[in-house]
Each structure stands twice: as structure tokens, then as C-alpha cells.
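> Sharing a model that was predicted from the sequence below.
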Amino acid sequence: GSKMTNDTTSTSRETTTETTMPTNQALIDLQTHLKNSKELALPVAAIKSLLGVIQRSNSHTMMGLQEELRCASDAMIQWASKDNDDNSNNNQSNTPSLINRSTIALASGCQLFMKYVTRCFLELPDFTECKKQVLERGERFAGISLAARDRIAELGQEFIQDGQCVLVHGRSRVVGALLIKAATMYHKHFEIIVLEGRPDAGGCKVAKEFTDAGIPCSVVLDSAMGYVMERVDLVVVGAEGVVENGGIVNKIGTFALGVVAKEMGKPFYVAAESYKFARLYPLNQADLPDLTTKKLTFVDTAAAQS
Amino acid sequence: EETTPTPAPQPKKKDKVAPKNIVIPPKKPKLSKAERRALQEAQRAAKGVVQKDTTKTAKNVKKPDSGKANNNSSNKAADNATRQSANSKKENQNVGKVLGLFEHLPKYKGAELFSGRVSLNTDAKLKLHPAVTELGYKYANGTIRGANTRCRAMLEVFKTVIRDYQTPKDGKNQHQLSLNLDHEVKTIFQYWTTHCRTHSVSMGNAMTFLKSIIASLPRDINMEEAKELLCEQIDAYNHERIHLAGQAIAEHALRKIQNGDVLLVYVYNEAVLNILINAQRSGKKFRVILVDSRPLMEGREMLNKLLAAVSGNIECTYILLNSLSYVMKDVTKVFLGAAALMSNGSVLSRVGTAGIALMAHACKVPVLICCETYKISARVQLESITYNEMGDPKQLEVLPFDEEGKENLTLLNLLYDLTPAEFVSGIITEMGILPPSSVAVLLREMNPQENMSYR
């Protein structure tokens, strides 16, 4: 653990050396959380490590605490964006892979956490009381975020009825949890069509999970979305982030899927945790922040087959 | 007093005998339903003939005001005014004539005001501060126009009036200062609205603010302190909600402007001007298309101010509204100003704005409305006719035509139009960029004193 001297005043200039130690600890915590539970969402792991930052904090002012939280979340976001650019071959065994995970949800989760925990500090004059309340609120927020996926599955399974055909895009853990819950816990009989979701082909992976849960499942090419749309009853996707004008940021191809679904009159549902609500207001596709700089390599299938 | 002669001692029953000097009119015959109906129709027909000659300003002046002050003196003065102006009206009958659909809208009052008769009567009766009448003239003849400009001018004049305020000679108590000042500002506001030009939403909101700070003056405050406090608060409102808000809007908008953008702007708006200047100074490389429209041609003022502020270092195209469809395909973003923002996210703005938003929507170009929060109104408006204002019809400068068609021609110079919320991509306020659906929330957050009535 790291110890800060008690008489440091919390100005960003003075604490450059002191804050690197807690932020490193925050990063280590993040990686530990991710390693321990493969199914844990990145923002939830980040929220848990921010809780650790509050617990370890020796700050005596709210601003100091906020500064520490901000430094820790900036460090985590920076680490996550850097990792996106690394080639998968360079992946070390002790740092979990973050390939193709966008950092929108991470940033929004951290921001919402910080806003939520520091919300009512004005009412309490004593800082230790205040800090206790901050910690309480932080734990509550972390609890809500952790339980979010299951809660969404609980609420969302009501939209699936017997005999329906559901279309999903790539691999979304929230959507997966929702559909598996509908089938296993609520014993609904439906079938799933999965778009394979290139370039990472997450759809192929999630199809195996569905068939293991006993749901009949077909994997189709991304380009077949127009072809299959007439035979599906609803579309369910996840989200990387929910933006301020009510739209979502998601895996490439979701927009086209939405347009086709609207045109064919099929309901389009989005399953997203509340910590994914980001302070972004994109006016068009070009207005999105740069999400990844990784270059794709296209395999020449014709050449490979011959 | 009438005495009832009692012929015999009958104490309870009295015969009512009328004295000689009172004449009792004969009782009205009881009409059947059909007869009453016929009478009503005859009266209505008679009224229809008379109505063509009555001036429309009579209706206007008697219209209840947002201030809702029951100011008898100003109404009487207004009545005198209408009688006198009715005579001069007959000459300009065609110019003042208005289509039935627009009869309820406030008309251009400049014609009566500058005839001289109205001002003498009303000023003398109301004892208005000279700064008030001066501003009134400027409102009426259009020297001061635009939501921010009118509001700022109004606040400055109110500060002057407050500073020059003296307690009335009949020795009212100091603790009635709030009441007296409240009455004073309401009178002034009503004078402007009824005799000069109907108020804008921005002025209305600032007026609500002023009334609330006057009402919340501490009871035991002395005159000098009260004046000082009020002027300070007015300055703070002006500075924070108009000036600083404009700068915050420019900051938020900066994040939405990218290099290579082609921005379309319409006529004059302070917030939009700030955005363009700020973006240029921050080093963004973009092009501006400035759209102007008759009869006010306010775009020229925008152009002059923009070029002056950036020393000409901006690529700017100036077009009239007619050529909009030609340029829209090159436009990447549209920045429009607002006179007022309705609670459902629709925008009241200079006439022509709705057309631009509509065309931008058709070409899939994002439309951003730039509006300070003090312009948000609790009203909901669905189209441009229920609430609007008419300008001077002479400004339309229709060429002289021969006498034959004159009685069928009405000139309509509408000043505002409404852009529905579905054509607005985002609203930039000092609080950030919001979707139109969030305007009602912002109204609640920004104006807590108005919410008190709902508790």
C-alpha cells in the first residue's frame, strides 16, 4: 500500500509525486479485479478500484478527494486506450486483454461515480462524517453497477415471448445474460439469429453459449441482416455508451441494423447499464471520439481457399 | 323618501305607490325563443356593419397584459388615444387592415406613436421618466431590436428609474417601498407593451426577475441601500445570464466545430456571433455562409460585426434566403439563434428560421439552436400563428399599384416563426448541449422562484 504524509495540501501542483502512487495502486486494483472475474465489465471493475481510492485516501478536503479520484480515473482511461492499440500478440499474461473494448463506458462510469459520491457533501461540516457518507454512496453505486447486468436480464426477459425469433449483433454480455435468463429461468422457447460481428467475430463465440443453454441458434454473415430481417420478431443489442440525445454508440454495424429494423417495422431494443450514460452529444458519425486506431487486416479468402 | 299611505291598519302588507318624479319604464314583453333568436341575429348583423369601421388598436390596447396591473389611468389614456387615432386611421385603412387569421396578433404601433397625440396624453397622465419614453420610442421605431438588446436596454432604464425614484409626496411609509417600486415598474412595462411595442419573452423573464427581487427586499431596508441592492442584482442578472451565458455558449459550441466545417448562420444573433468569433480566434478553420432576409436585413449588421471582430480573417459567403436550397448541400452544420425557447423544445425566432431548419433537416444537416437559458418560456407553442408579432407593413415596400385592387390587398409583415422541436438536433445553452426534450427540465432548474407556486 501507499502512504501519504498527513500535512499535504491538496493542490494538483504539490501532489504530483503523491498522486502517482495511489493511481498506480488503482491501476493494479483494476487489473486484479479484471483477472479475478472474467465476466466483470470494465467500468464496474474501475468503479470498484475507485472505491479503493476513497478508502485509502488521507485527504482532508472534498476537493482533495475529488482530485485523487480524477487522477485515478484518468490513469485507468489512459491505460485502457493504450491497450486498445497494442497488437494482441504482445499481450502479457498478467494484464487482461482489452482489445477492441472502447473506453466510452469506462469514462462515463468513472464520471458518474464521481458525481454521485460527491453529491451532497455540502450538508456535512465534518469531513470524516462526509467521507463516511462518500464511501457509503460509493459502495451503493458499485453494488448497483455490479447488479446491473442481472437486473437488466430480469426486466428484459419480459420482452421475449414464446415462439419468437430474436436477432442479435456480435457478442454483448448484457444481451447474452438477458436471453439466457429468459430461456433457462423463465423457460421461454424462442430462437436466436446471431450476426457474426466481424472483425472480432464475437457472434460466433456467443452462439456457442446460447446453444449450450439450449436455445436454437443460427449464425449469419453481417451482410445478411437485410435478408433475415423479415423473419425476426425483434432485435436486441447492447451499447458501448448512451449519448445525451438518446442515441447509442455501439459496435460497427448497429446503425445499419437499426435503419433496416425501422424500415421493416421490427422493434429495436437496447440493453445498457445506467453507468454507460455518457456526456457526449454527437451530431453525426464523424462527431464521435476516436475509439480505436488499430488497423484491420483482411484475409483474402479466395487466396486462402485455393 | 316615499311614504306609503295605509288606508286601513294592516301592518304587514304595504302598497307600493311610486312618487310622482320617478318614471317606471314599461315592462319588456316576454319573447318566445324564436323571437329572441331573431332579435339576436338582427343585433349581430348590425354589429357586423359597425365593426368594419372600428380600429383594431382598440382591441389591442384593452388586451390584458402579462403584468396584469389594473391600471385605470393608462387604460383611459389608451381609450382617448384610440378615438383620436381612429380619425387618422381611415386614411391608412388598407395598410392597417389585417386578415382575419392574424387579427389577434399585436400590431405595429409606430404609426400612432409618432403622430404625437398618443404620447402627450399618456406621458402626462402616467408621469413617466424621460428615459422610459426615450426607450419606448426606440422600441417602437425599431432602433433597438433583438431579444438581448431590448432586455439589456430595459434593465438599464429600470436601473435609472430606481436610482431616481423618490418616495411619493403623500408620505407613504418606507416599508411600502416594495409595493411602490413594484407599481412603478409595472406601469412602465405596461406602457411599453401597450403603446410602443409588445414585449419579448426575454423582457418578460427579466421583468419577472425584477418583480421578484423587489418583492424580496428586506422590510427594514432604507431607500439608499434598497436602490444599491436592486441595481447590483440587476447588474448581476445582466452579467451572468446574458453576457457570461453567451461566452459559455461559445465554449460549448467550440467542441462541435471541426476544421473544414461549413457553418450556416441566419441574420443577427449575439450568441451565434460569439460562437463564430470564438471559434475563429481558437484557430479553427471553417467557412461561414450568412443568410439574410428582407425587410429588416439584419444580416448586414452581423456581417459587419463579424468581419470587424476577426479583422476580416474569415471566409464568409453572404446570400439571401431565396438561394438557401442552392447552398444547403455544402453546409455541414447550422447555427441558429432564438428569441425564445418553448418548454417543448420548439424555438421562436426571427421569421425565416423555421424554413432554414426544415431545409437543413431535409438535407440531413444538424441544426443547433444557440439560446441563453433566460429566454426559456414556460409556454408551449405548436405553430407560428397563435403567438407572433407584426411589424410595419410599409417596410414590405410593395410597389404602387392602381386603385382597383387596393381594397383586397393586405400587407403582412410577421416578425417571428416557430421551429418545431423535431427539426432541432440540439440546443446549446450555458448549461451545455441539450436535446429539445430537456428544455422543460432546464426551466425548472433555472427558475426556482417560479416553481414556488407549485408547492
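Noted; the coordinates are in hand.

> all strands of the stretch 351-455 of chain B, in order?
In the stretch 351-455 of chain B, the segments counted as strands under DSSP state E, counting those that start in this stretch are B:367-370, B:416-419, B:426-429, B:432-434.

> Please convert those to a markdown table, extending it with mean neighbour count, distance to B:Ala236 and mean pLDDT.
For every residue, glycine as well, the C-beta is placed using N, CA and C. Below are these laid out as a markdown table (neighbours: other Cβ atoms under 10 Å in any protein chain shown; distance: least, Cβ to Cβ, whole Å; pLDDT from 0 to 100):
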| stretch | mean neighbour count | distance to B:Ala236 | mean pLDDT |
| --- | --- | --- | --- |
| strand B:367-370 | 26 | 22 | 97 |
| strand B:416-419 | 23 | 29 | 96 |
| strand B:426-429 | 26 | 19 | 96 |
| strand B:432-434 | 20 | 22 | 94 |
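
> Tell me which of the ones you listed sits nearest to chain A.
The closest of those to chain A is strand B:432-434. By Cβ to the nearest Cβ, the value is 4.3 Å.

> Please work out which residues outside that closest one touch it.
Residues from elsewhere that reach strand B:432-434, judged by Cβ atoms under 8 Å, 6 or more residues apart in numbering or on different chains: A:Glu244, A:Arg279, A:Tyr281, B:His252, B:Lys256, B:Leu368, B:Gly426, B:Ile427, B:Leu442.

> Could you rerun that using 10 Å?
By Cβ atoms under 10 Å, 6 or more residues apart in numbering or on different chains, the residues outside strand B:432-434 that reach it are A:244-245, A:279-281, A:283, B:248-249, B:251-253, B:255-256, B:345, B:368-369, B:425-428, B:438, B:441-442.

> For chain B, what is the nearest residue in the stretch 201-306 of chain A?
A:Leu283 (3.9 Å).

> Wait, a strand at that residue?
No: counting by DSSP: H, G, I helix; E, B strand; the rest coil, A:Leu283 is not found in a strand; it is coil.

> May I have the phi/psi pair for the residue lying closest to it once chain neighbours are set aside?
Distances taken as Cβ to Cβ, 6 or more residues apart in numbering or on different chains put B:Pro366 closest to A:Leu283, at 3.9 Å, once the chain neighbours are dropped. Main-chain torsions, B:Pro366, degrees, to the nearest 10: phi -70, psi 140.

> Show the contacting residues for B:Pro366.
A:282-284, A:287, B:256, B:331-335, B:360, B:424-426.

> Scan these and report the most crowded one.
Neighbour tally across these (other Cβ atoms under 10 Å in any protein chain shown): the maximum, 27 neighbours, falls on B:Val334.

> In which helix or strand does that one reside?
Secondary structure from DSSP states H and E places B:Val334 in strand B:333-337.

> strand partners of that strand, parallel vs antiparallel please.
strand B:261-266 (parallel), strand B:367-370 (parallel) (DSSP bridges).

> For my notes, please list the ones you listed in TSV and give distance to A:Gly203 for each entry.
Below are these laid out as TSV (distance: least, Cβ to Cβ, whole Å):
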stretch	distance to A:Gly203
strand B:261-266	37
strand B:367-370	37
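
> ok, B:Ala131 - contacts?
Counting by Cβ under 10 Å, 6+ apart, B:Ala131 has contacts B:Ala153, B:Glu156, B:Val157, B:Phe158, B:Lys159, B:Thr160, B:Val161, B:Asp164, B:Ile188.

> Let's verify the fourth one: helix, strand, or coil?
Per three-state DSSP, the local secondary structure of B:Phe158 is helix.

> Ends of stretch A:151-171, what's the gap?
Stretch A:151-171 has its terminal residues 19 Å apart, counting by Cα to Cα, to the nearest Å.

> Mind listing what's buried along that stretch?
With burial defined by 16 or more other Cβ atoms under 10 Å in any protein chain shown, the residues of stretch A:151-171 counted as buried are A:152-154, A:156-157, A:160, A:164, A:166-171.

> In strands, which of those fall?
Mapping the buried residues of stretch A:151-171 onto strands (DSSP state E) picks out A:Val166, A:Leu167, A:Val168, A:His169.

> Could you list everything the last one pairs with in the sheet?
Translated: A:His169. Under DSSP bridges, the beta-bridge partners of A:His169 are A:Leu195.

> Wait, it touches A:Thr254, no?
Yes: counting by Cβ atoms under 10 Å, A:Thr254 is a contact partner of A:His169 at 6.0 Å.

> Common neighbours of those two, please.
Taking Cβ under 10 Å, 6+ apart as the contact rule, A:His169 and A:Thr254 both touch A:Leu195, A:Gly197, A:Val235, A:Val237, A:Gly238.

> Could you list which of these belong to strands?
With strands defined by DSSP E, the entries of the shared contacts of A:His169 and A:Thr254 inside them are A:Leu195, A:Val235, A:Val237.

> of all the residues you listed, which comes closest to A:Glu39?
Distance to A:Glu39 across those (Cβ to Cβ) is lowest for A:Val237, with 18.9 Å.

> Contact partners for B:Val201?
When contacts are taken as Cβ under 10 Å, 6+ apart, B:Val201 is in contact with B:66, B:147, B:151, B:338-342, B:348, B:374-379, B:387, B:416.

> What does the pLDDT read for whatever residue of the stretch 151-300 of chain B ends up closest to chain A?
At 6.5 Å from chain A, B:Lys256 is the closest residue in the stretch 151-300 of chain B, using Cβ to the nearest Cβ. For B:Lys256, the pLDDT comes out at 94.

> Helix, strand, or coil at it?
Under three-state DSSP, B:Lys256 falls in the coil class.

> that older thread, output the buried residues of stretch A:151-171 in JSON lines, with pLDDT and distance to A:Cys204 appended to each entry.
Below are the buried residues of stretch A:151-171 laid out as JSON lines (pLDDT from 0 to 100; distance: Cβ to Cβ, whole Å):
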{"residue": "A:Ile152", "pLDDT": "96", "distance to A:Cys204": "24"}
{"residue": "A:Ala153", "pLDDT": "96", "distance to A:Cys204": "22"}
{"residue": "A:Glu154", "pLDDT": "96", "distance to A:Cys204": "27"}
{"residue": "A:Gly156", "pLDDT": "95", "distance to A:Cys204": "23"}
{"residue": "A:Gln157", "pLDDT": "94", "distance to A:Cys204": "24"}
{"residue": "A:Ile160", "pLDDT": "96", "distance to A:Cys204": "22"}
{"residue": "A:Gln164", "pLDDT": "96", "distance to A:Cys204": "22"}
{"residue": "A:Val166", "pLDDT": "97", "distance to A:Cys204": "17"}
{"residue": "A:Leu167", "pLDDT": "98", "distance to A:Cys204": "15"}
{"residue": "A:Val168", "pLDDT": "97", "distance to A:Cys204": "12"}
{"residue": "A:His169", "pLDDT": "96", "distance to A:Cys204": "12"}
{"residue": "A:Gly170", "pLDDT": "91", "distance to A:Cys204": "9"}
{"residue": "A:Arg171", "pLDDT": "91", "distance to A:Cys204": "9"}
